[in-house]
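>>> Model the following, please.
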Amino acid sequence: MNIDILSLMPEIIVAFFAFLILMAGVFMGKSFEKAAAPVAALGLFAAIGAVLWFNVGRAGLFYNFTYSIEGFSIFFKIFALVVSIIIVGLSPYYIYRTERIKNHISEFYFLVLIITIGTMLISSANDLIMLFISIELVSMPAYILAGFEKNNKKSGEASLKYFLLGVLASAIMVYGFSLVFGVTKEINLFAISRAFNETDSIVGNPLLITGIVMSLAGFAFKIAAVPFHFWAPDTYEGSPTIVTMIITSIVKVAAFAGLIRLLYVGFGNYGASKWIVLTIAALSVLSMVLGNISALPQKNFKRLMAYSSISHGGYILIGFAAASANAQWSILIYVMAYVIMNLGAFAVAMIVEKETGSEEINAFAGLGQSNPYLAITMTIFLVSMVGIPPFAGFIGKLFVFQAGINSHYTWLVVIGVLTSVISLYYYMNIVRQMFFTKNEDSLSKSTSLKLPLTYIIIIALCAALTLLMVILPSIFIAISKYAITLNLFNFVK
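Numbering: from 1, shown residues only. Down below sits the predicted model:
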């Protein structure tokens, strides 16, 4: 058993700051409220330093081969920490204007940091038990955060629906894991990969296929893929907007990281099994079609973004259906693009919500006149989500679609292109509201709008990265290729 405490130092640092914030909130009370966000951010920056110092150049397997350090884990750890820093930076403005959250500030940041730890552990998980525990470490705090506004009926409903369906999905996933273990007699992902690819009698085993499909169903819930998406619209709408942003960003990052480790490391050349690929392709098609069509009539911004999230999950699943090493780095690029443009869009939406008191799409009316900066950056994020150049969404879809075509799934790519055209309508409806619709109430409230400095910086950073991914794609391609994870036997073609 190779025990190396330094390999876990980034997670230990985040855990230390998480419990420090929680205890400081208990013993110092309101006097600690304003310090909570800076302390959380300090812990996250310290963890990035620890990743660079203790993980980079330290590749290997630790703790009886359950914990892996490689380019993949380093990439996702840093990415998760950066996303969490942005969330923490955006939180104070929203929290202090939300009556039911500002009384539990320490608990809020504690839960955000716990989700971050779970995401970091998922990227290093190298056996089924650790993978499942890490996923639950992300899921449980998310269930709590969804119902953080205890006196808000919508928030309570969102949390309950998210929790009940989430527990069911976790049960399906862990039962699938047990079937995989029962057939292969292994829980280590590398050992499972060896059995899956070197034992001819196992590949077509009905119990193994059932286990893999059930495992995929559990992950499909986490990424809100159809038909496991029913929780998403109500949870997105009912949760506080800052929590919705957490669910659509870092929680989704964790789910895709876990799915990559399960498929690419645990099963290697899973593309050889038509049942696995057909299951992924079916989830992709259903998510792209239903997600985009259901978004068309939506009037609430967060509910629209829920269906948008479902459709983007479908596009990313094209990369998983392609089942190749090239498809993996295209998935990573798409995940980066998706998270960046979502963080920017939700940052703008939170300002609009707090200034107008509305989460409806028509609350954006007149924003182009009252605050051109917000309107222009929001337009960048929305156009990027469609996949129109020269923005990040275009690069993400381009490489994922290219991977699909290279693996002979052209029909899946055609559906992706057609549904992207559908998405143009509901994204541009928000742009129309901002620049071509006047709402006197909304306009009058927003004319005296003072943007917090953190929001100005973060929105500008997200908009710049959305453009930079197209202007200098080689940087992001190099990062993504560095982060590719494969099993030790190189079964992935």
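
>>> what residues are up against M350?
90, 93-94, 241-242, 245 (Cβ atoms under 8 Å, 6 or more residues apart in numbering). C-beta here means a position set from N, CA and C on the backbone, and glycine is covered the same way.

>>> how close does the most centrally placed residue in the chain get to C462?
Taking Cα atoms, centre = their mean, the centroid of the chain lies closest to K252, which sits 2.2 Å from it. K252 sits 16 Å away from C462, going by Cβ to Cβ, to the nearest Å.

>>> what comes up buried for the host helix or strand of Y426?
Element membership of Y426, judged by DSSP states H and E, is helix 410-436. Buried residues in helix 410-436, defined by neighbour count with 16 or more other Cβ atoms under 10 Å: 412-413, 415-416, 419-420, 422-424, 426-427, 429-431, 433-435.

>>> Check the gap between A272 and V83 for me.
Distance from A272 to V83, by Cβ to Cβ: 34 Å.

>>> And those two? Which one has more around it.
Neighbours were counted for A272 and for V83 using other Cβ atoms under 10 Å; V83 has more, 23 against 15.

>>> Does the more buried one touch S249 like I think?
Yes: using Cβ atoms under 8 Å, V83 is in contact with S249, at 5.5 Å.

>>> shared neighbours of the two, which are they?
339, 343.

>>> How far off centre is stretch 332-342?
Remark: stretch 332-342 is offset 9 Å from the chain centroid, using Cα atoms, centre = their mean, to the nearest Å.

>>> Same check on stretch 288-303?
19 Å.

>>> number of nearby residues for G238?
25.

>>> Contacts only, for it.
146, 152, 154-159.

>>> Quick check: which ranges of the stretch 151-300 of the chain have low pLDDT?
In the predicted model of the stretch 151-300 of the chain, residues 200-201 satisfy pLDDT under 70.

>>> 80 - rerun?
Of all residues in the stretch 151-300 of the chain, those with pLDDT under 80 make up the ranges 151-152, 197-204, 268-269, 271-273.

>>> quick one: low-confidence parts of the stretch 351-493 of the chain?
Across the stretch 351-493 of the chain (using pLDDT under 80), the flagged ranges come out as 438-450, 485-493.

>>> So S73 is in contact with I122, correct?
No: assessed by Cβ under 8 Å, S73 is found out of contact with I122, at 9.1 Å.

>>> Tell me the spacing between N342 and K438.
For N342, the distance to K438 - Cβ to Cβ - is 28 Å.

>>> neighbour-wise, which of the two wins?
Between N342 and K438, counted using other Cβ under 10 Å, the more crowded position is N342 (24 against 11).

>>> which stretches of the protein form strands?
Assigned by DSSP state E, the strands in the chain fall at 60-62, 67-69.

>>> can I get those strands in CSV with distance to L216?
Below are the strands of the chain laid out as CSV (distance: least, Cβ to Cβ, whole Å):
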stretch, distance to L216
strand 60-62, 25
strand 67-69, 22
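
>>> Would you point to the one among the ones you listed that's packed deepest?
Of all the strands of the chain, strand 67-69 carries the top mean neighbour count, a mean of 23, counting by mean count of other Cβ atoms under 10 Å.

>>> That one packs against which elements?
In terms of contacts (3 or more Cβ pairs under 8 Å, 6 or more residues apart in numbering; DSSP states H and E), strand 67-69 is packed against strand 60-62, helix 105-124.

>>> Pick the most deeply packed of those.
helix 105-124 (a mean of 25).

>>> Isn't N126 up against I69?
No: applying Cβ under 8 Å, one finds N126 not in contact with I69, separated by 9.9 Å.

>>> End to end on stretch 138-155, go ahead and measure it.
End-to-end distance for stretch 138-155, by Cα to Cα, to the nearest Å: 19 Å.

>>> residues in contact with that stretch?
Residues contacting stretch 138-155 (Cβ under 8 Å, 6+ apart): 98, 100-101, 104, 108, 111-112, 114-115, 118-119, 122, 156, 158-160, 162-163, 166, 170, 222, 235, 237-240, 243, 246-247, 250-251, 254-255.

>>> what about 7 Å?
Here stretch 138-155 makes contact (Cβ atoms under 7 Å, 6 or more residues apart in numbering) with 100-101, 108, 111, 114-115, 118-119, 156, 158-159, 162-163, 166, 170, 235, 237-240, 243, 246-247, 251, 254.

>>> From the residues you listed, keep the buried residues only.
By 16+ other Cβ under 10 Å, the contacts of stretch 138-155 give 101, 108, 111, 114-115, 118-119, 156, 158-159, 162-163, 166, 170, 235, 237-240, 243, 246-247, 251, 254 as buried.

>>> So which of those are in helices?
108, 111, 114-115, 118-119, 156, 158-159, 162-163, 166, 170, 235, 237-238, 243, 246, 254 (DSSP state H).

>>> Tell me which stretches of the stretch 201-350 of the chain form helices.
In the stretch 201-350 of the chain, the helices defined using DSSP state H, counting those that start in this stretch lie at 206-222, 231-238, 241-246, 252-260, 274-295, 301-322, 325-356.

>>> a markdown table for the ones you listed, including distance to L367?
A markdown table is the format used below for the helices of the stretch 201-350 of the chain (distance: least, Cβ to Cβ, whole Å):
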| stretch | distance to L367 |
| --- | --- |
| helix 206-222 | 33 |
| helix 231-238 | 21 |
| helix 241-246 | 16 |
| helix 252-260 | 27 |
| helix 274-295 | 20 |
| helix 301-322 | 12 |
| helix 325-356 | 7 |
